[in-house]
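Asks: Build me a model:
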Amino acid sequence: MAQQHRTMLISGVISVALGFLAGFLGGRLAAPPRPEKAAVVRAEGFVLVDRTGRERARLGLDAQGMARLKVDGEDDTALVSLAVDSQGGAALALGDDKRRQAVVLTVAPQGPQDMAFYRDGHLRLGLEVLKNGEPAVNLYDTGNRVISLGLTKPGDPHLVFYGDNQKATLDLSSTKNGDRSLELRGKGGIPRVVLGLKQDRKAALGLFDQKGKTRVALMDEPSLILLKNGRVMRTLP
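Replies: Sure thing, here's the model as predicted:
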């Protein structure tokens with residue numbers, strides 16, 4: 001009887017031990033618990049403040065329905081400003097330490113894209129791609145464009161210099177078919193001297209009066225044409 005009781009006791013102890021071991025191994029071998037799905041926060045705006053309670057950043061919608069992100073420096077200087085409208089347009093502005101814009105990037109839906117660089121509050125350099133795909137690099141002085149380098153839609157380069165009145169003073173262009181031209185312009189952008197090459201074959205030089213009328217034409221054949229008030233006065237072979 002004692003032997004039977006002892007056997008039952010040992011069997012019970014072994015069963016408990018095996019059950020504990022199985023539970024332990026099952027817990028170790030089971031797949032880790034999946035993280036709970038992150039909650040979605042919906043709000044019309046967020047404000048980020050520093051330890052002193054000063055507003056440093058704001059994200060929200062303005063009165064026109066544009067989503068805006070504004071980040072300020074420690075002295076309330078606007079360092080980053082991002083605006084996006086419902087039509088797909090976007091504008092990003094980066095400021096300097098004196099509350100002046102330094103870089104501005106704008107994208108219009110199905111329209112042009114441009115990037116402008118400023119120094120001391122004055123526009124100095126502009127990069128743009130027009131709606132028709134033509135790219136251009138523009139240089140500025142005191143806010144006025146002075147040089148423009150670009151490509152036409154077919155891929156032909158052109159270089160333009162501008163005067164104080166924003167009229168072209170020099171125009172240099174080249175095309176894939178061999179046409180080359182150099183135009184010196186006077187007041188109001190009127191051509192005064194034009195040097196050209198037609199399809200890499202025929203060269204021509206034209207001199208014009210202040211109204212843009214031809215005075216002298218020097219070409220391959222005939223070699224020289226003199227005009228007055230638009231009328232041919234003399235021709236030299």
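
Asks: Figure out the length between the terminal residues of stretch 136-153.
Replies: Using C-alpha to C-alpha, to the nearest Å, the gap from the first to the last residue of stretch 136-153 comes to 11 Å.

Asks: And it, what's buried?
Replies: Of all the residues in stretch 136-153, those buried under the rule 16 or more other C-beta atoms under 10 Å are 136, 138, 140, 146, 148, 150. Where you see a C-beta, it was placed from the backbone N, CA and C, and this is true even at glycine.

Asks: export those residues to CSV and tack on pLDDT, distance to Arg185 and secondary structure?
Replies: As requested, those are exported to CSV (pLDDT from 0 to 100; distance: C-beta to C-beta, whole Å; DSSP: H, G, I helix; E, B strand; the rest coil):
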residue, pLDDT, distance to Arg185, secondary structure
Ala136, 96, 19, strand
Asn138, 97, 18, strand
Tyr140, 95, 20, strand
Val146, 95, 14, strand
Ser148, 96, 14, strand
Gly150, 96, 17, strand
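
Asks: what's Leu92 in contact with, if anything?
Replies: Taking C-beta atoms under 8 Å, 6 or more residues apart in numbering, we find Leu92 in contact with 80-82, 103-106.

Asks: Equivalent analysis for Ser148, please.
Replies: So Ser148 contacts 136-139, 159-160, 162 (C-beta under 8 Å, 6+ apart).

Asks: Can you pull out the residues in contact with the helix or strand harbouring Val194?
Replies: According to DSSP states H and E, Val194 maps onto strand 191-198. If you take C-beta under 8 Å, 6+ apart as the criterion, strand 191-198 is touched by 178-186, 203-208, 210, 212.

Asks: still on that earlier bit, determine which two of the contacts of Ser148 are furthest apart.
Replies: Farthest-apart pair in those is Val137 and Tyr162; separation 13.6 Å (C-beta to C-beta).

Asks: Now do the same for Gly121: its pLDDT.
Replies: Listed pLDDT for Gly121 reads 83.
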